[in-house]
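In: This is a predicted model, with the sequence first.
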Amino acid sequence: MTDEQILASVKTDKQISASVYDTRLDELIASAKEAIIAEGARTLDPSASAEDAQLVIMYADWLWETRNDADAQMPRSLRVKLNNRVFGEKARLTEAGA
């Protein structure tokens, strides 16, 4: 998915039709990508992988929901998906190097 498609998906999930929030949502999408990479998903590529795109959308959705709550805990479903992505990448890299 392109960044524009990810933005459209986040807006749909959040039931936002106006473009007034686009800049803020773009920032959250970029932050989501950076956070996912920082967690260990170094090969994140939402333009090539539907799973990666969905992970970015889920993460950006969560960032939007918690933008005013610094103490918010990540939902378990998002944490599991993120962990699976990170550990799956590590397993693939280990197998390739073995």
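Out: That came in fine, so what should we check first?
In: helix or strand for the most centrally placed residue in the chain, which one?
Out: Geometric centre of the chain, nearest residue: residue 56, 1.8 Å, by Cα atoms, centre = their mean. Using DSSP states H and E, residue 56 sits in helix 50-65.
In: how about the CA coordinates for stretch 66-74, as CSV?
Out: Extracted in CSV, the C-alpha atoms of stretch 66-74 (Å, rounded to 0.1, in the frame of the first residue of the first chain):
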residue,chain,number,x,y,z
THR,A,66,-4.0,7.6,22.6
ARG,A,67,-2.7,11.0,21.4
ASN,A,68,-3.9,12.6,24.6
ASP,A,69,-3.1,9.7,27.0
ALA,A,70,0.6,9.3,27.7
ASP,A,71,-0.1,6.3,30.0
ALA,A,72,-2.1,4.3,27.5
GLN,A,73,-1.1,0.7,27.1
MET,A,74,-0.8,-0.9,23.7
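In: avg pLDDT for it?
Out: Mean pLDDT, computed over stretch 66-74, is 91.
In: try stretch 45-60
Out: Averaging pLDDT along stretch 45-60 gives 97.
In: and whichever strand or helix holds residue 35 with helix 50-65, angle?
Out: For residue 35, the element it lies in under DSSP H and E is helix 22-39. Following axes from the mean of the first three to the mean of the last three Cα atoms, to 10 degrees, one obtains 120 degrees for the angle between helix 22-39 and helix 50-65.
In: Buried residues in helix 22-39, which are they?
Out: For helix 22-39, a neighbour-count test (16 or more other Cβ atoms under 10 Å) marks 25, 26, 28, 29, 32, 33, 35, 36 as buried. Backbone N, C-alpha and C define where each C-beta goes, glycine included.
In: So in the protein, which helix runs the longest?
Out: The residue-count maximum for a helix in the chain (DSSP state H) belongs to helix 76-97.
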